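Fold the stuff below for me.
(chains A, B, C and D)
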Protein chains: 4
Amino acid sequence: MNHAVLLMHSADKQGVVLEISKFIAEHKGNIIELDQYTDTENKHFFMRVKWDLADFTIDRAELSSQFEAKVVAQIDMYWKIYFCDKPKRVALFVTKLSHCLYDILQRYQSNEWSIEIPCIISNHDTLRYIAEQFGIPYYVFPITKENKIAQEANELELLKKHNIDFCVLARYMQVLTDDFIAHYPSRIINIHHSSLPAFPGAKPYHSAFKRGVKIIGATSHYVTADLDEGPIIAQDVTKITHTDSISDLIRKGKDLEKTVLSQAIWLKIEHKILTYKNKTIVFR
Amino acid sequence: MNHAVLLMHSADKQGVVLEISKFIAEHKGNIIELDQYTDTENKHFFMRVKWDLADFTIDRAELSSQFEAKVVAQIDMYWKIYFCDKPKRVALFVTKLSHCLYDILQRYQSNEWSIEIPCIISNHDTLRYIAEQFGIPYYVFPITKENKIAQEANELELLKKHNIDFCVLARYMQVLTDDFIAHYPSRIINIHHSSLPAFPGAKPYHSAFKRGVKIIGATSHYVTADLDEGPIIAQDVTKITHTDSISDLIRKGKDLEKTVLSQAIWLKIEHKILTYKNKTIVFR
Amino acid sequence: MNHAVLLMHSADKQGVVLEISKFIAEHKGNIIELDQYTDTENKHFFMRVKWDLADFTIDRAELSSQFEAKVVAQIDMYWKIYFCDKPKRVALFVTKLSHCLYDILQRYQSNEWSIEIPCIISNHDTLRYIAEQFGIPYYVFPITKENKIAQEANELELLKKHNIDFCVLARYMQVLTDDFIAHYPSRIINIHHSSLPAFPGAKPYHSAFKRGVKIIGATSHYVTADLDEGPIIAQDVTKITHTDSISDLIRKGKDLEKTVLSQAIWLKIEHKILTYKNKTIVFR
Amino acid sequence: MNHAVLLMHSADKQGVVLEISKFIAEHKGNIIELDQYTDTENKHFFMRVKWDLADFTIDRAELSSQFEAKVVAQIDMYWKIYFCDKPKRVALFVTKLSHCLYDILQRYQSNEWSIEIPCIISNHDTLRYIAEQFGIPYYVFPITKENKIAQEANELELLKKHNIDFCVLARYMQVLTDDFIAHYPSRIINIHHSSLPAFPGAKPYHSAFKRGVKIIGATSHYVTADLDEGPIIAQDVTKITHTDSISDLIRKGKDLEKTVLSQAIWLKIEHKILTYKNKTIVFR
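Below you'll find the model as predicted:
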């Protein structure tokens, strides 16, 4: 786990791979994962590189500044370097449904994921008992039209205090304000219970039932100011038939929601997602 | 193959299964497939029954009238009886893309399907060579705004002459008029190259690419007066990634289109589809 | 929920549907689900019928004896009648892995399933804390070669005492003896972490990795005397690539195991499974 | 399409990416696709790089020798360079089933794939009419135990004469000798009609039916001396139920076979497959 990951994107030009691989090799780093993608339409270059730090000659504390001085100085880019052994700090937002929450907490507790969950935030008290089962602080911020901005300020303070890396809306039934979202760009993951763009809004299973589709889906995406319009991270579907009632759709959909949300969280934990022009690049 | 199939639906009431199974058993028919569904919301009853005619005591020529006299007289219903050894007569409509057409003709030629294809109809001459490869008459009806109604009349005459049971739009790039459709209710199958209701219209792969979805789909449906809004028969999807260009989406989508259209045709051949309130009941 | 379900199979002969539907209709039952299947090779008939008891003229206490007197007396069959509002009593067996257990308990606690779980049985103390989170009695029966038969006797006594309808092996890492299995025929559901028949045995993910497959699966099945050879209830798969290590396979596989095991339990709860000649008929 | 692709693998060591990207950048090549994988268990390094030749300063004719002199001289590796605008020359082997053949020829004829098909080889005359439909020479080499080696010699001569890049066994029902296979290592693609390793051999659908599986699959793989044991390139599955007879399995399986075989051919055309220790690395 003594690895570093670079996520970067830049205008496409010759020599990007060369400069970055030179920086790593000259300081005795050994590349173990490199996935690169060029958007030929927009002439834009994306890359994720993971390398072994065992023999690396730059101190962790110096790595980012050295990279900036030697590489970014020559090639203008968006970039960020992560250390794989540093667990991400994740805040969970929930309302009343427990299936995604249990799914996440089971992975957390069994060490499937190396993360820390300093807090669970909700607008209702309903799921407090689950937080208590797992010994995680549970904070309730009831939301009304009147207090929304004030409560979001309280939430933001809490997130800041806990040094949260990213937020997960695990069937959180509140729309966040643009201001809140702006504090965590590409750092709030939502699960929508349909195959976006089909069936946005609050009751997608009812809409799917009414239309008589033979497939339902779930979509995990980054939250942006446009509701249900953020960059899509992961999607999956399941087949249904005319015999499935709305409650069957809800039941089958929950299984999708759990899986698709957890896929997105996993990709985030592994530093595998870049966003660009409202789309994601998901490295493998 | 000496089997009959009854497709029926009616208001839900006690004794429907009883009356129909009594009719079959009293005339020494042996039920080999029975699939029933009740729409509890609309209180409506749907059933497909297949039975062996080997010892059946009613002549084929008398079957429908006897069923009407003995069963329908007591229970008001939509109903139709089919004989499984009578091949369906299918007309294919194409424009310029060959993938669905070849897929259908290969199944036809290898006797995977027991159908007859008396004619292939197109608004272009492009695919005539394929019809000739398979020895099937190919009719071209070029369509303009001005001649559309006249050309559809010519097409309808041709369909009537050939005693066509149902039509398949195998990537036929023309919108049919309501009048044409009214001649073949629940008897025109279209393939749409997206997961309806997402991405209706002419360029769904471009829309999917622009939205950055991680899954694309195809939808076979009955053609109704509302474009892309007819009852859905079958759907399937495939996963895509950011590395897939629009041309990759088109390439992957073609595989879906072939499979999903052929599934719908198979279901129609096997008398497995009922429609009700713009949805399908697909028996198995 | 005031419904009865009949599950039956018999030699194929004319009139089975008639006799059963007559019994139901004559006593003012309204059929709401009927799914029938004939195995034409073995000339065997299978059926599941669900009917509404609202106006039914036979008392619940008399239903089975009346059915036997009026229907079974005429047609020899395997049969069983269930009442849908009577929750099944389920015993869970676990060892050290928590993902299936949490998945089941979340569904139980959120009333997705109408069941009772009177006990969780394990050969290790490891997961006791989860049972305690949910307030369910947890019994540990450590198993050695020497004490296996004695411990199984203790387990059987416990199951009997709790009036258990069926058992679920949620990644229980012990092979049950034939004698134990014989007490619960078609009533013990196991999850195997591969696409049986590929990769039976204890380390299927290692075998899959070694073979370089591009798909891994999970299989839920009834436990029979032949290990990993019982009737298959449900299967699902997920795609993998060369980039997936064994630990990735295990991680992805767990998601399959949860879903596929819960599908099988759902089918069992809904009285949708019949077994015949080591295969399942899964009604819909 | 004025692109080159390098496929390479070597022992894992620092600086491989650097040396190769330096070679490309110093000669004014612009990398547009780079996918890298390290097998950490075997300490082996795999990479595929595609770069634009528009401004590249080395002549095509000199490219391989220069790469060898400047890069391979320093880093011992397996390597091969391809030009993307040079169509692969493909030989098809068939017996009596037409579905894969039509699927391939439709893609070929519609220019979905940029390949040349100089010959179709068969042990039967059955499918000659299809070759004639598409104007492709069809060669029949009937195989008996006695003449097998002689006939394979004739086939090899034909392949050599036509300068074939790789062979596709599109449901070719003959086992090739080890000697034949040795002439085309990792250059013969087969489609097996099951999810290998489950159900190898000649009648996999019968075996799947007998075992009562709920999923069937298809597997495309390179042919090696061990029958059905070669490196797997692509796999896919479809769900089945108890209602599917063996003929339904065969029908559904054909759709899988077509798709999975064509996926493998596409990957081969795009130079996306490396093999190592009987497994494939499939770049994306």
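
quick one: the strands in chain A?
A:3-11, A:30-39, A:44-52, A:78-83, A:88-94, A:115-122, A:138-140, A:166-169, A:188-192, A:215-222, A:232-239, A:273-276, A:279-282 (DSSP state E).

ok, A:Asp35 - contacts?
By C-beta atoms under 8 Å, 6 or more residues apart in numbering or on different chains, the contact list for A:Asp35 reads A:47-48, A:283-284, D:34-36. The C-beta positions use only the backbone N, C-alpha and C, and glycine is treated the same way.

with those residues in mind, which one is nearest to C:Asp248?
Of all these, the one with the least separation from C:Asp248 (C-beta to C-beta) is A:Arg284, at 10.6 Å.

Skip the chain neighbours and tell me the closest residue to that closest one.
Of all residues beyond its chain neighbours, the one nearest A:Arg284 is C:Thr243 (5.7 Å), with distances taken as C-beta to C-beta, 6 or more residues apart in numbering or on different chains.

about what we covered before: kindly state which of the strands of chain A is positioned closest to C:Ala61.
When the strands of chain A are ranked by proximity to C:Ala61 (C-beta to C-beta), strand A:232-239 comes first, at 40.2 Å.

mind checking which of the strands of chain A is nearest D:Asn278?
Shortest separation from D:Asn278 across the strands of chain A is recorded for strand A:30-39, at 22.6 Å, computed as C-beta to C-beta.

The closest one vs strand D:44-52, what angle?
Using axes from the mean of the first three to the mean of the last three C-alpha atoms, to 10 degrees, the interaxial angle of strand A:30-39 with respect to strand D:44-52 works out to 30 degrees.

tell me the mean pLDDT for strand A:30-39?
Throughout strand A:30-39, pLDDT has a mean value of 96.

Show me how far it is from its chain's centre.
Computed by C-alpha atoms, centre = their mean, to the nearest Å, the separation of strand A:30-39 from the middle of its chain amounts to 20 Å.

what's the angle between that strand and strand A:3-11?
Strand A:30-39 runs at 20 degrees relative to strand A:3-11, counting by the same axes, to 10 degrees.

Chain C contacts on chain A?
By the criterion of C-beta under 8 Å from any C-beta of the partner chain, the positions of chain A lying close to chain C are A:97-99, A:102-103, A:105-107, A:109-110, A:112, A:133-134, A:241, A:243, A:251, A:254-255, A:259, A:262, A:284.

ok, back up a step: could I get the contacts of A:Asp35 as a markdown table with distance to C:Ser194?
A markdown table is the format used below for those (distance: C-beta to C-beta, whole Å):
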| residue | distance to C:Ser194 |
| --- | --- |
| A:Met47 | 36 |
| A:Arg48 | 31 |
| A:Phe283 | 28 |
| A:Arg284 | 23 |
| D:Leu34 | 34 |
| D:Asp35 | 28 |
| D:Gln36 | 30 |
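
before we move on, back to that, and the residue nearest to A:Arg284, how many neighbours does it have?
Other residues within reach of C:Thr243, judged by other C-beta atoms under 10 Å in any protein chain shown, total 16.

cool, and the one 5 residues further on?
Residues contacting C:Asp248 under the criterion other C-beta under 10 Å number 15.

Grab the nearest non-local neighbour of it.
Take C:Asp248 and drop its neighbours on the chain: the residue closest to it by C-beta to C-beta, 6+ apart is C:Ile240, 7.2 Å away.

pLDDT of stretch A:129-144, averaged?
Model confidence over stretch A:129-144 averages 97 on the pLDDT scale.

chain center to that stretch: distance?
The offset between the C-alpha centroid of stretch A:129-144 and the centroid of the whole chain comes to 21 Å, using C-alpha atoms, centre = their mean.

picking up where we left off before, closest one to A:Asp55 out of the contacts of A:Asp35, please.
Proximity of the contacts of A:Asp35 to A:Asp55 was ranked by C-beta to C-beta; the top entry is D:Gln36 with 19.2 Å.

what about the helices in chain A?
Secondary structure of chain A, counting by DSSP state H: helices at A:16-26, A:60-67, A:99-109, A:128-133, A:148-161, A:178-183, A:204-211, A:246-269.

With distance to D:Ser220 added, can I get those in TSV?
Shown next, in TSV, are these (distance: least, C-beta to C-beta, whole Å):
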stretch	distance to D:Ser220
helix A:16-26	32
helix A:60-67	42
helix A:99-109	34
helix A:128-133	46
helix A:148-161	49
helix A:178-183	45
helix A:204-211	34
helix A:246-269	26
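
so what's A:Ile164 closest to, chain neighbours aside?
Using C-beta to C-beta, 6+ apart and skipping the chain neighbours, the partner closest in space to A:Ile164 is A:Ala91 (4.6 Å).

mind listing what that neighbour touches?
Applying C-beta under 8 Å, 6+ apart, we find A:Ala91 in contact with A:117-121, A:158-159, A:162, A:164, A:166-168.

For A:Arg211, grab the count of nearby residues.
A count of nearby residues for A:Arg211, using other C-beta under 10 Å, gives 16.

same thing with A:Cys100?
Residues contacting A:Cys100 under the criterion other C-beta under 10 Å number 25.

Now flag whichever of the contacts of A:Asp35 is closest to chain B.
A:Arg284 (8.1 Å; C-beta to the nearest C-beta).
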